[in-house]
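Asks: Next comes the sequence, and after it the predicted model I'd like to discuss.
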Amino acid sequence: MKLRTRIFVLFLAGILLSAALSVLSTAYFGRKNYIAQEREISAQTLRALADNLELKTDYVRQDTDTVFWTPLVQNALDSLKTGPMTPEIRAFINDSLSPILLAADYISSILFYDNYGNSCICLRDGVLADSGIRAQDTAWYAAAVAADGDWIYETDGGGIVSYTDDNRSVVSMIKIVKSKDDYTTCGGLMVNIDEKTLRRSFTAFSGAESSYYILSGKKAIFSTAENRISDETLGNILSDKLKSDTGRGVLKLYQHQALGISDWQLVSVMQINASGLKINLGPVLIVFLGNIAFLLLCWRFITTNMTKPLKEMETRLADAKGMPEDFCVAPDKTDEISNMKRAYNHMAASARELLAKTREEEQAIQRGELELVLSQVSPHFLYNTLDTISGMILSGDAQLSFGLVQSLGQFYRNSLGSGRQTVTLGEELVTVQSYLEILNTRYGDGIRVEYHVDDALRERKILKLTIQPLVENAVHHGLRPKGGAGTVVISAAEEHGALLLSVLDDGVGMSPDKLQKIRQSTAEETPGFGLFSIRQRIALFYGTSDPLTIESREGEWTKVTVRIPPEGGQAHEQSENFDR
């Protein structure tokens, strides 16, 4: 199959698959977004209804508190401590409660009972109150006493209040009324909210498509639905086990909201018309036909502008390869791409051979660079030491000069012995000790050194002169600028098989700008022997990119840490080559 035919087939398959996915994704995400929008609308309505109901109960609390805490009403209540209410007191309390009933149309009745069973009742038309029932004899009275002045909530008027219409009920707010002076009980107050009024406010908020329930615990105490759902279903809604339900072409969304009233919960059942969930296939068909037209244009463009250059590339590569076809391509494949693969396989094999040779040459160059850097180490220290000895001789101190020569000999015996590139950590520390003895002889024992090295690590092999140049830098750049005296701490630790060697001095430290400059320094920026040379020498020997970590705090300390890879990285292989 030629390339232009294959492109057409692939484009056609892609468009068909894209069209199918478009229809499915449009249907899925359209339905999901529609449901999400309706759920958000339902949640907002639910919150508004909850706020409205809480506002009504807050109104009851505030207005009754306002009435019962006035001096005149308090004086009337004080008279009830010593005896039952008189007709005058009943009339006064009735007059005080009537404005609350008139101001709030959702309040159907207000009842006040003194401690002797006498009652004061304000009712709307159609509301009945059983005056023969004593409040103290009801089940809710004990609960109101236990609430100690806080409101409790009941349904159906606590068995005292009812309606002439059997299909109506009330939500009752009850509390014990106490004296302001000594907080003694003066009676009980019941405010009844009309269910019909609640139903009307619910319908005004949400319309007839939704129904609502008020639950106390898991029991429905109020409902706007004609066909109520079961208590078991309501329990599943409260526990979030049931969030939606589909049946008879209608989607029902269930949500619940806690009310600030006792343990009451407000539950909503929102019905969504199935027509809103249908997908309009007209736009999808238009997009599909447009994709087919676009396919034909793309196929024509690609076959004209791509296959012709590919054919030319195939011819050029075939002329350049000059060797038999590679086995990676099946012999029955004759299209342009397969022929390009054969030519590419030959070029790749040649490139691999060239890379292998280049890698060997790079390793040889690296070994030469390392040997060149190593040749700079010993002369550098030698020159500094000879300058020190010269100064001692000129000062006429033959004994100290002799000691310096001895220390110098010990240093070179350790650093150049047998021409080895690696030494043990213990041997390196002896070299460092010889170096510090030379410096202390000259500077008057002003440099203190501390070793934090486990004996088990002293036999680990490391590159020769790894620590000594770091100590030299610590002395010359850390301690000397502050007078030469100070402490150098040499530490060694093992971390996941790697060896961490650190040199810490309590010298002048470095500013953040200077520290950043040193971390990013190159050979051109730091001529001569320095941290760059140390970093380069260790990196070449161990085959790591950046073995040095430099930390410092200006005016306090500087710490340089060398990380030697587990088993020395490439050090063992390289050291064998270098030591020959």
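Replies: Thanks, I have the structure now. The structure presented is a predicted model; accordingly, all values stated were derived computationally and were not measured.

Asks: Pull the distance from stretch 26-42 to the chain's centre.
Replies: Distance of stretch 26-42 from the chain centroid (Cα atoms, centre = their mean, to the nearest Å) equals 28 Å.

Asks: Alpha carbons only: can I get that stretch in CSV?
Replies: Extracted in CSV, the C-alpha atoms of stretch 26-42 (Å, rounded to 0.1, in the frame of the first residue of the first chain):
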residue,chain,number,x,y,z
THR,A,26,-21.0,15.6,24.1
ALA,A,27,-23.8,13.4,25.4
TYR,A,28,-21.9,12.6,28.6
PHE,A,29,-20.5,16.0,29.5
GLY,A,30,-23.7,17.8,28.4
ARG,A,31,-25.7,15.6,30.7
LYS,A,32,-23.2,16.0,33.5
ASN,A,33,-23.0,19.8,33.2
TYR,A,34,-26.8,20.1,33.0
ILE,A,35,-27.2,18.0,36.2
ALA,A,36,-24.4,20.0,37.9
GLN,A,37,-26.1,23.3,37.1
GLU,A,38,-29.5,22.0,38.3
ARG,A,39,-27.8,20.6,41.5
GLU,A,40,-26.2,24.0,42.2
ILE,A,41,-29.6,25.7,41.7
SER,A,42,-31.2,23.3,44.0
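
Asks: Report the rounded mean pLDDT for it.
Replies: Across stretch 26-42, pLDDT averages out at 76.

Asks: Ok, stretch 253-266 next?
Replies: 82.

Asks: measure it end to end?
Replies: 14 Å (Cα to Cα, to the nearest Å).

Asks: same deal with stretch 534-553?
Replies: Distance across stretch 534-553, first residue to last, is 21 Å (Cα to Cα).

Asks: Any buried residues in that stretch, and which?
Replies: For stretch 534-553, the neighbour count (16 or more other Cβ atoms under 10 Å) marks 534-544, 547-548, 552 as buried. Placement of C-beta: from N, CA and C, glycine included.

Asks: now, which of these lie within strands?
Replies: Using DSSP state E to define strands, the subset of the buried residues of stretch 534-553 located there is 548, 552.

Asks: Closest to residue 474 out of the buried residues of stretch 534-553?
Replies: Closest approach between the buried residues of stretch 534-553 and residue 474, by Cβ to Cβ: residue 552, at 10.9 Å.

Asks: Distance of that closest one relative to residue 55?
Replies: For residue 552, the distance to residue 55 (Cβ to Cβ, to the nearest Å) stands at 66 Å.

Asks: Tell me the one of the buried residues of stretch 534-553 nearest residue 163?
Replies: residue 552 (87.0 Å).

Asks: Any figure for the gap between the closest one and residue 512?
Replies: Counting by Cβ to Cβ, the gap from residue 552 to residue 512 is 9 Å.

Asks: Which other helices and strands does whatever helix or strand residue 237 lives in contact?
Replies: Per DSSP states H and E, residue 237 falls inside helix 231-238. Contacts defined by 3 or more Cβ pairs under 8 Å, 6 or more residues apart in numbering; DSSP states H and E place helix 231-238 against strand 210-216, strand 219-223, strand 250-258, strand 264-273.

Asks: other SSEs contacting the longest one?
Replies: Contact partners of strand 264-273 among helices and strands, from 3+ Cβ pairs under 8 Å, 6+ apart: helix 3-68, strand 210-216, helix 231-238, strand 250-258.

Asks: Just put the ones you listed in a markdown table and tack on distance to residue 143 and mean neighbour count.
Replies: Converted to a markdown table, those look like this (distance: least, Cβ to Cβ, whole Å; neighbours: other Cβ atoms under 10 Å):
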| stretch | distance to residue 143 | mean neighbour count |
| --- | --- | --- |
| helix 3-68 | 17 | 15 |
| strand 210-216 | 13 | 22 |
| helix 231-238 | 22 | 17 |
| strand 250-258 | 21 | 17 |
